[in-house]
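Colleague: Any chance you could fold what I've pasted below:
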Amino acid sequence: MNRSLRNLFLRRMLWVLLPSLLVGAGLSYFYAADSIMESYDLNLLDGANDLVHQVQVKTGGHLLLNLPPAAHQMLAASNDDDVIYAVWDSAKDLLAGFDGLQSIMLAEMPVDRYSFKNLEIKGQNYRAILLNASLGNQHFFVSVAQTTRGIDHLLGNVLVDFLLFGGLLIVVACVGVVLGVKRSLIPIEALRTVIAKRAPQDLRPLSETDAPAELQPIIHGVNELLENLQKSVSDHRRFVVNAAHQLRTPLAILRSKLEVSLNRPDGATPNLLVELLSTTERASHLISQLLSLAHVENADVIAPAFESVDLPVLLRNVAVNFVVPAEKKNMELDFALTDCHINGNALLLQELLGNLLDNAINYAGMGASVHVALKKLSGAVELSISDNGVGVPDDFLPKLGQPFSRYQAQDTRGCGLGLAIAKEIVALHKGSMVFSGNSNGGGFKVVILLPAN
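Modeller: Below you'll find the model as predicted:
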């Protein structure tokens with residue numbers, strides 16, 4: 001399954017955004033609840049202080065809580081909550097209020113001036129304050145407790161509000177992220193549309209002017225690919241034109257000879273057959289070379305099997321086929337071989353060696369000498385084939401290895417594909433090939449470096 005860039009962006013952004021929103025909402029609710037509880041405690045503290053102000057010293061030095069009935073009624077009920085209180089002196093004598101609250105709070109004598117505590121009295125939850133006060137030189141304690149129905153209701157409403165507005169915020173944030181990602185990917189969609197509308201033969205470079213900075217490396221890479229493809233297409237067209245021209249020549253010769261033969265006497269038939277055979281052999285050689293070049297150029301797709309190859313043995317086996325042609329031209333074949341192995345394809349290497357030897361014998365000239373050397377270097381194997389023939393001008397050396405490129409174009413023995421095939425085979429084996437020579441009798445030399453096994 002193909003991964004979507006849009007989905008990838010959304011997942012990564014939402015994985016960060018959603019937890020952040022949830023944590024933020026949780027912290028906001030926590031601080032809001034803490035503020036509400038603090039306000040609730042301040043109300044309890046105000047109520048306890050109000051009771052402190054109602055404590056008086058009666059005759060005999062005893063303490064008395066003088067709480068008016070109206071104040072007692074207001075203190076007993078606060079909105080939806082019930083309020084209870086208790087006041088007692090340092091001798092733990094209850095001055096007023098609920099003794100059950102006193103018995104509970106006696107175990108919570110405050111170290112500081114006051115402290116808060118959650119209580120459960122008769123099955124109801126209370127929030128209570130215990131206040132340490134004094135009047136003159138007498139100490140007493142005041143405790144006020146209020147049920148938590150109101151604060152629980154308030155916190156519940158706050159929680160519902162946070163859930164509603166938090167959920168709405170999450171929805172709005174997610175929609176914003178989706179729309180933002182969608183708009184951010186518009187340049188990519190536009191680029192895809194431009195490429196999709198291109199005709200197959202339209203290999204012009206894409207415009208990089210209005211593209212975002214993140215897309216420019218991609219567009220630059222596509223343009224480089226288009227440039228290489230344009231060059232490849234041009235080379236292919238030139239190859240097809242040259243191949244058609246090369247094939248047309250022997251076919252035209254065959255046709256003309258056959259037409260002429262119709263007007264010749266029967267005694268000329270053997271000579272005609274020899275000429276036709278020579279022309280047919282040239283056409284067959286051209287077709288064979290074209291097939292070999294096509295095979296080598298697609299070898300990276302076909303992926304030929306590589307193995308350890310003994311180059312001296314392979315070279316001797318190939319050279320046997322050229323002994324007789326060399327003798328016919330009074331040429332001398334000289335070999336200086338060193339035992340070495342490389343990792344390669346034996347059939348392709350055999351084709352390489354055959355093309356190089358065939359090229360040397362065909363173009364070195366009558367009576368020339370061909371020297372074949374094979375030696376080991378540091379991490380590489382050097383194969384050189386040189387002759388002392390007519391040579392090749394220096395300005396023509398860069399053209400060697402191109403299809404249908406021949407220095408002696410008028411010569412009909414070759415078709416200009418041998419060195420091109422050799423160049424492709426060397427490249428397939430991660431090697432290099434260099435030509436050298438001149439037209440002043442210095443001969444011609446091919447040096448090939450291949451990685452050692």
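Colleague: how about the helices in the stretch 351-453 of the chain?
Modeller: 418-428 (DSSP state H, counting those that start in this stretch).
Colleague: mind listing what the strand ranked longest in the chain pairs with, with the direction of each?
Modeller: Using DSSP state E, we find that the single longest strand of the chain is strand 124-135. If you go by DSSP bridges, strand 124-135 pairs up with strand 114-121 (antiparallel), strand 138-147 (antiparallel).
Colleague: for these, which one ends up most surrounded?
Modeller: strand 138-147 (a mean of 23; mean count of other Cβ atoms under 10 Å). Backbone N, C-alpha and C define where each C-beta goes, glycine included.
Colleague: what helices or strands is the helix or strand that comes right after it leaning on?
Modeller: Using DSSP states H and E, the next helix or strand after strand 138-147 towards the C-terminus is helix 149-184. When contacts are defined as 3 or more Cβ pairs under 8 Å, 6 or more residues apart in numbering; DSSP states H and E, helix 149-184 packs onto helix 5-53.
Colleague: quick one: low-confidence parts of the stretch 1-150 of the chain?
Modeller: Applying pLDDT under 70 to the stretch 1-150 of the chain picks out residues 1-3, 69-79, 108-111.
Colleague: repeat for the stretch 201-350 of the chain
Modeller: Scanning the stretch 201-350 of the chain for pLDDT under 70 picks out 234-304.
Colleague: Relative to Leu315, how far out is Ala326?
Modeller: 15 Å (Cβ to Cβ, to the nearest Å).
Colleague: likewise Arg127?
Modeller: 102 Å.
Colleague: Walk me through the domains of this structure.
Modeller: 5-155, 216-293, 305-451 (automatic domain parsing).
Colleague: Which of those domains has the highest mean neighbour count?
Modeller: Mean neighbour count, computed with mean count of other Cβ under 10 Å, is highest for domain 305-451 among those, reaching a mean of 17.
Colleague: Centre of the chain to that one, how far?
Modeller: Chain-centre distance of domain 305-451: 43 Å, with Cα atoms, centre = their mean, to the nearest Å.
Colleague: end to end, how far does that domain reach?
Modeller: Counting by Cα to Cα, to the nearest Å, you get 16 Å between the two ends of domain 305-451.
Colleague: got it, and stretch 88-99?
Modeller: First-to-last residue span, stretch 88-99, Cα to Cα: 9 Å.
Colleague: contacts for that stretch?
Modeller: 55, 63-65, 67, 84-87, 102, 106, 138-141, 143 (Cβ atoms under 8 Å, 6 or more residues apart in numbering).
Colleague: what's the most distant pair in the residues you listed?
Modeller: Distance extremes for the contacts of stretch 88-99: the farthest pair is Ile84 and Gln138 at 23.6 Å, using Cβ to Cβ.
Colleague: Ala173 reaches Leu21, doesn't it?
Modeller: Yes: here Ala173 lies in contact with Leu21, judged by Cβ atoms under 8 Å, at a distance of 6.2 Å.
Colleague: What distance do you get for the closest residue to Arg113 other than its chain neighbours to Arg192?
Modeller: The shortest distance from Arg113 to any residue other than its chain neighbours is 5.5 Å, reached at Asn132 (Cβ to Cβ, 6 or more residues apart in numbering). Distance from Asn132 to Arg192, counting by Cβ to Cβ: 77 Å.
Colleague: what do you get for Ala133?
Modeller: Ala133 sits 80 Å away from Arg192, going by Cβ to Cβ.
Colleague: again with Asn359
Modeller: 49 Å.
Colleague: can you pull the contacts of Phe30?
Modeller: Taking Cβ under 8 Å, 6+ apart as the test, Phe30 contacts no residue whatsoever.
Colleague: what do you get for the one 3 residues further on?
Modeller: Contact partners of Ala33, counting by Cβ under 8 Å, 6+ apart, are Leu155, Val158.
Colleague: if we go to 6 Å?
Modeller: For Ala33, the contact set (Cβ atoms under 6 Å, 6 or more residues apart in numbering) comprises Leu155.
Colleague: Name the nearest residue to Val177, sequence neighbours excluded.
Modeller: Met13 (5.2 Å).
Colleague: tell me which residues form a beta bridge with Ile342?
Modeller: When bridges are called by DSSP bridges, Ile342 pairs up with Val309, Ala452.
Colleague: Spit out the contact partners of it.
Modeller: Val309, Val381, Leu450, Asn453.
Colleague: roughly how far apart are it and Asp80?
Modeller: Counting by Cβ to Cβ - Ile342 and Asp80 are separated by 96 Å.
Colleague: ok, now Gln350?
Modeller: Gln350 sits 102 Å away from Asp80, going by Cβ to Cβ.
Colleague: With that, I have no additional questions.
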